[in-house]
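Undergrad: below is the sequence, then the predicted model.
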Amino acid sequence: GLGAVGLLKAPAPDMEETVEQFIRRNLGDEVFYRLIEPFCSGVYAGDPTKLSMKAAFGKIWILEKEGGSLVGGALNLMKEKSNNPPPPRDPSLPEKPKGQTVGSFRKGLQTLPNAIGASLGPEKVKLSWTLKDIDRVGGKYKLTYATPEGPFFVNAKSVVFTTPSYVAAQLLRREVPDAHSQLQSFFYPPVGSVVLSYPKSAIRDEMSDADGRINAFGQLHPRTQGITTLGT
C-alpha cells in the first residue's frame, strides 16, 4: 500500500528518532525487520533501537524533512539533480568501472595511510608516539608523548582527537572533566572478524565469471533468526 513507500504515515515527532522509530513509521514493521535491522547490525554492529536515524542514515532522513515524505523528498532530489547536473568527469581520472564498485586495495587498507604518510614525510608523521598528557599553558596546550627515544613535549595552539572515546576521556580527565564522564559512557559493541581464504579449486565453476572472479556477494542476518554472525 501507500504506507509501504512512505506516503501514508504518522507525522514526524518533535524529537530525535532512532532508526527503528523512523523506519517503522515510514515503511512499516516488515521493512524494518527484514531489511534495515540486519543492515544496521551488519554494517554498524549497532542496535537500531538506539542508533540515531539522522546520524546513521542522514541522506534518507533529510528526504522526509525536505520533501514531507520519503517519496516527496526523492522526487525533489531527482528534480534538483536534473536542474543542476554534476560537472563533467575529470578526463585525467581513471575510467570509472562498470557494475559493482565496492573494492579495496590489493595490498590491504594500510595502502592508503602508508601512501599519505610517505607523502607527508617523517617530520610530520610520527610513528610509535603515544600521547600521555595534555596540559593547558597560557592559552596553548602542552602535549607529553612517550616515544622510542624517551619523553617528548610539543606545544600546540589546537589539538584534534581521532582516538576512541575512552582514550580521549583519559586524556581530557583533568582539563575537561565534564567531557571525560560523557566520553566514558560511549558503548563500543564487541565484534570479532574472521578472515577465510579458499583455493580456486574449492569454488564451483558456475560461481565464477569468464575472468575467474567469483560472482557472489555477502549476506546480512536478521536478529530474529537467532544467528550470532552479523554477516559475511
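TA: Looks like it arrived, so ask away. Numbers count the residues shown, from 1 in each chain.

Undergrad: what's stretch 220-232 in contact with?
TA: The contact list for stretch 220-232 (C-beta atoms under 8 Å, 6 or more residues apart in numbering) reads Tyr33, Arg34, Glu37, Pro38, Phe39, Ser41, Gly42, Val43, Ala45, Val191, Gly218, Gln219. C-beta here means a position set from N, CA and C on the backbone, and glycine is covered the same way.

Undergrad: ok, of those, which come out buried?
TA: Tyr33, Glu37, Pro38, Phe39, Ser41, Gly42 (16 or more other C-beta atoms under 10 Å).

Undergrad: make TSV from these and add secondary structure to it.
TA: As requested, the buried ones among the contacts of stretch 220-232 are arranged in TSV below (DSSP: H, G, I helix; E, B strand; the rest coil):
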residue	secondary structure
Tyr33	helix
Glu37	helix
Pro38	helix
Phe39	helix
Ser41	helix
Gly42	helix
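
Undergrad: adding distance to Leu93, write those residues out as CSV.
TA: Listed next are the buried ones among the contacts of stretch 220-232 as CSV, based on distance: C-beta to C-beta, whole Å:
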residue, distance to Leu93
Tyr33, 41
Glu37, 37
Pro38, 35
Phe39, 30
Ser41, 35
Gly42, 31
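
Undergrad: what are the ranges of the helices in the chain?
TA: With helices called from DSSP state H, the chain shows them at 19-27, 29-31, 37-39, 53-56, 58-67, 70-83, 111-120, 165-171, 177-184.

Undergrad: what about Ser185, how many neighbours?
TA: By other C-beta atoms under 10 Å, 9 other residues sit near Ser185.

Undergrad: for Val191, see how far away it is.
TA: Look at Ser185 and Val191: by C-beta to C-beta, to the nearest Å, they are 19 Å apart.

Undergrad: got the domain boundaries for the protein?
TA: 2-83, 121-184 (automatic domain parsing).

Undergrad: tell me the most buried of the ones you listed?
TA: Ranked by mean neighbour count, those are led by domain 2-83 with a mean of 16 (mean count of other C-beta atoms under 10 Å).

Undergrad: next one, pLDDT for Thr101 please.
TA: For Thr101, the model assigns a pLDDT of 67.

Undergrad: scratch that, Lys200 is what I was asking about
TA: Per-residue confidence (pLDDT) for Lys200: 80.

Undergrad: what is the burial count for it?
TA: 8.

Undergrad: so what does Leu51 look like in phi/psi?
TA: The phi and psi values for Leu51, taken as degrees, to the nearest 10, are phi -70, psi 130.

Undergrad: next one: it from Phe32, what distance?
TA: Leu51 is 12 Å from Phe32, where distance means C-beta to C-beta.

Undergrad: just Pro48 next, same as before
TA: From Pro48 over to Phe32 the distance is 7 Å, taken as C-beta to C-beta.

Undergrad: overlap in contacts, these two.
TA: Residues touching both Pro48 and Phe32 (C-beta under 8 Å, 6+ apart) are Glu20, Ile23.

Undergrad: can you give me the end-to-end distance of stretch 208-216?
TA: By C-alpha to C-alpha, to the nearest Å, the extent of stretch 208-216 from end to end equals 8 Å.

Undergrad: just the terminal-to-terminal distance for stretch 27-44.
TA: For stretch 27-44, the end-to-end distance is 21 Å (C-alpha to C-alpha).
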